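In: give me the fold of what follows.
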Amino acid sequence: MNIRKYAQEYLPGPDEGVQAIGIKPTYGARPTRAFEHLTNRVRILAGRLVVIMLALLISLLVSSTAFGGTVVDVNPGDDLDARANAAPAGAVIEVHGKAGVGTFFYKVNKPIELKDGQKLVGDAGTTKQLGPAIIPNPVVGIEKARGVSMNTLVKAKGNPISISWLQIKAAGVGKGVTADLAGPGLSMDHLRVYGAKGPGIGQAQGVLTSSELFSNGRNASTIGDTAAGIKCNVACEVGSTYAHNNGGNGIWCDVGCAPVAARTNGVWFHDNVTKGNSRFGIRYENSPKPDLNPNDPVEALIEGNRSFGNGEGGVAVADAANATVRNNVFGRRLDGTMVHNGRKLAVILRNSGEKDRGTQRNATVTGNDLNREGITDRNLRGNVCTNNS
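Out: Now for the predicted structure:
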């Protein structure tokens, strides 16, 4: 048998297991094949672990790039619309205010067009509570530059998209925000949108919360057509929002209100305060629309809202099916004084019978504080009205 002897310090090779520095071993026999087999298995497992870790790292890098890997900072003096429109999909566009200025307004020459995965967010401001609604006070604003003709200030053209903490002063503009090319992942919060000729937020999708919508519908020709604080055409959610003093309706869904998988309540208007709108505080209309989505299982849940001082009534369900109107308060301001909705109507259930419009049917109106305001068509077309006071 050949026995290897070493007069120097010994460091075993890779096939001989653990390192032993400064030890002079005695070799009398070759390591058993059982240990060689174990060593090979360890190597294989280690290799697999490295592959898995590399794959996870690559996935993390790809996800980071796809969802917000780029941050674009916009500061006073920068060209906001140029910088935002040059940002890649997935970018977070952070728009900063100016120290010592209550709300700093950026003047834009072109609409800000948001792409897939982008977020447009201003510096966070403050909020105050008004009943169930949350009113934001953003420190960053957007308005149209002088001498420029624009139909909208912000256009959502992808999915998902997030817009938050901005004052959108839409004076002289058709809409503050346009969302017909967005998707169900559109999320809007802490916005003040005002002054638009038509709707403050038009063709809306997704979710709007904790916002204030006022003085929109400035062009009289848009009333009854598009004028509103916000108007949706598919099932959307509006919550904790103060919609007041708009021409037309405060909060509105019309033209089909097609179901969206992400909106499990269908159209969901909840915990809002609507007052002083020239037509209705809340309106759910023409759903489903016969020539658009006649067989869609549409529905609407209108709950927890405060509605007073609106021109034609509190909540209107017009040529629309399967609405639930519950636990709302009508005709009473938050300080307890009575300010009735127009015609002293809390809930208007209306069916026009027109061929190109849906049928109002199967409404449930329950648990509402009416304060002596009325409900129309109480027991017609499957409508059920109970436990209102």
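In: show me what contacts residue 246?
Out: Residues in contact with residue 246 (Cβ atoms under 8 Å, 6 or more residues apart in numbering) are 200, 213, 214, 215, 216, 217, 227, 228, 229, 277, 278. Heads up, the C-betas are built off the backbone N, CA and C, glycines and all.
In: and the nearest residue to the fourth one once chain neighbours are set aside, what is it in contact with?
Out: The spatial neighbour of residue 215 that comes closest, neighbours along the chain excluded (Cβ to Cβ, 6 or more residues apart in numbering), is residue 194 at 4.6 Å. For residue 194, the set of contacting residues under the criterion of Cβ under 8 Å, 6+ apart consists of 168, 169, 170, 176, 200, 212, 213, 214, 215, 216.
In: any idea what residue 194 is bridged to?
Out: residue 169, residue 214 (DSSP bridges).
In: re earlier: closest to residue 243 out of the contacts of residue 194?
Out: residue 213 (4.6 Å; Cβ to Cβ).
In: which residues sit in contact with the closest one?
Out: 192-194, 200-201, 229-230, 241-244, 246, 250-251.
In: pLDDT and secondary structure for the residues you listed - can I get that in JSON lines?
Out: Output for those, formatted as JSON lines (pLDDT from 0 to 100; DSSP: H, G, I helix; E, B strand; the rest coil):
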{"residue": "192", "pLDDT": "98", "secondary structure": "strand"}
{"residue": "193", "pLDDT": "98", "secondary structure": "strand"}
{"residue": "194", "pLDDT": "98", "secondary structure": "strand"}
{"residue": "200", "pLDDT": "98", "secondary structure": "coil"}
{"residue": "201", "pLDDT": "98", "secondary structure": "strand"}
{"residue": "229", "pLDDT": "98", "secondary structure": "strand"}
{"residue": "230", "pLDDT": "98", "secondary structure": "strand"}
{"residue": "241", "pLDDT": "99", "secondary structure": "coil"}
{"residue": "242", "pLDDT": "99", "secondary structure": "strand"}
{"residue": "243", "pLDDT": "99", "secondary structure": "strand"}
{"residue": "244", "pLDDT": "98", "secondary structure": "strand"}
{"residue": "246", "pLDDT": "98", "secondary structure": "coil"}
{"residue": "250", "pLDDT": "98", "secondary structure": "strand"}
{"residue": "251", "pLDDT": "99", "secondary structure": "strand"}
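In: give the buried subset of these as a PyMOL selection command.
Out: Here the buried members of those are turned into a PyMOL selection, burial being counted by 16 or more other Cβ atoms under 10 Å:
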select buried, resi 192+193+194+200+201+229+230+241+242+243+244+246+250+251
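In: returning to what we had before: just put the contacts of residue 194 in JSON lines and tack on distance to residue 288.
Out: Written out in JSON lines, the entries for the contacts of residue 194 read as follows (distance: Cβ to Cβ, whole Å):
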{"residue": "168", "distance to residue 288": "31"}
{"residue": "169", "distance to residue 288": "36"}
{"residue": "170", "distance to residue 288": "31"}
{"residue": "176", "distance to residue 288": "28"}
{"residue": "200", "distance to residue 288": "26"}
{"residue": "212", "distance to residue 288": "31"}
{"residue": "213", "distance to residue 288": "26"}
{"residue": "214", "distance to residue 288": "31"}
{"residue": "215", "distance to residue 288": "32"}
{"residue": "216", "distance to residue 288": "27"}
